[in-house]
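Student: coordinates only, sequence not included:
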């Protein structure tokens, strides 16, 4: 009850502040974005703007255009050095009908949302200069020499030895995490003595991750051809030059389905003449959650 009263108080004060000065419009701008995203009729928006609850429909349009232009400028800065990764996933909508029947159960639609992730921690173009080398050693390359095939998969003994080498670090990490749960929930006075999680890889100066959302695409990530179109659309939005693909790779994050689709498309497009068309620059990276799912599936 107290929380709801606080919300109402903030809304009333925001409306009063906006009536005194048009520049005090943070609350109205947020409401305007929400109304525009839900396709609220223009007449309803105008009524709410008269009452001080939202911006006018014209102001919302200008605001969206301003944000779009600002995003385009940010993407242009990313594309000049090309130090960014991509990530995308499908977004499904299931529209139910009011009275479903045998012939009309509703409609299902799928779009793809994506984001651009700048590469930080001192990443340079030299760290990405592997497109040509990967293609020369790729098994899909028709001109690939027989002695440049990729190395064989490590045997089981090698994997066990590597796991044993890291066992102590894993146990120390588990112990620290257990202690953290106890301290955070019951023994807050010992928080200063907990220290950092033990790890063989530490970052001296953590950097905040910034993302730039891409334009949504009416494409299905579950279709091979659409996966190609998704990558091309993202590269076009960023404004990457065709020469860039000859030397550098692009990291692309997604789920296991994305990995399978691109494995199939790169195999079928290996006969193309340009690095951009055969997608030799694309290095797919499944998410950690999906990798764990695959591991569990392999065990069972």
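Tutor: Sure thing, it's come through. Computed from a predicted model, the values in this text were never measured in an experiment.

Student: Can you show me the strands along this structure?
Tutor: Assigned by DSSP state E, the chain shows strands spanning 84-95, 107-118, 212-213, 250-254, 282-286.

Student: And the last one, what's buried?
Tutor: Okay, so that is strand 282-286. Buried positions in strand 282-286, judged by neighbour count with 16 or more other C-beta atoms under 10 Å: 282, 284, 286. Every residue, glycine included, has its C-beta placed from N, CA and C.

Student: again, but for the first one
Tutor: Within strand 84-95, the residues that qualify as buried by neighbour count (16+ other C-beta under 10 Å) are 84, 85, 86, 87, 88, 90.

Student: would you list these in TSV and tack on pLDDT?
Tutor: Formatted as TSV, the buried residues of strand 84-95 follow (pLDDT from 0 to 100):
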residue	pLDDT
84	89
85	90
86	90
87	91
88	91
90	85
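
Student: Kindly reformat those residues as TSV containing distance to residue 235.
Tutor: TSV is the format used below for those (distance: C-beta to C-beta, whole Å):
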residue	distance to residue 235
84	11
85	12
86	8
87	14
88	12
90	19
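
Student: ok, the residues you listed vs residue 14, which is closest?
Tutor: Closest approach between the buried residues of strand 84-95 and residue 14, by C-beta to C-beta: residue 87, at 34.8 Å.

Student: which non-adjacent residue is nearest that closest one?
Tutor: For residue 87, ignoring the flanking residues on the chain, the nearest one in space by C-beta to C-beta, 6 or more residues apart in numbering is residue 253 at 3.8 Å.

Student: burial measure for the closest residue to residue 179 other than its chain neighbours, as a count.
Tutor: Ranked by C-beta to C-beta, 6+ apart and with sequence neighbours excluded, the top spatial neighbour of residue 179 is residue 194, at 6.4 Å. If you count neighbours by other C-beta atoms under 10 Å, residue 194 ends up with 14.

Student: how near is residue 194 to residue 269?
Tutor: Separation of residue 194 from residue 269 (C-beta to C-beta, to the nearest Å) stands at 51 Å.

Student: Spatially central, which residue of the chain would that be?
Tutor: residue 87 (3.8 Å; C-alpha atoms, centre = their mean).

Student: Beta-bridge partners for that residue, please?
Tutor: Beta-bridge partners recorded for residue 87 (DSSP bridges): residue 115, residue 253.

Student: I am finished for the moment; much appreciated.
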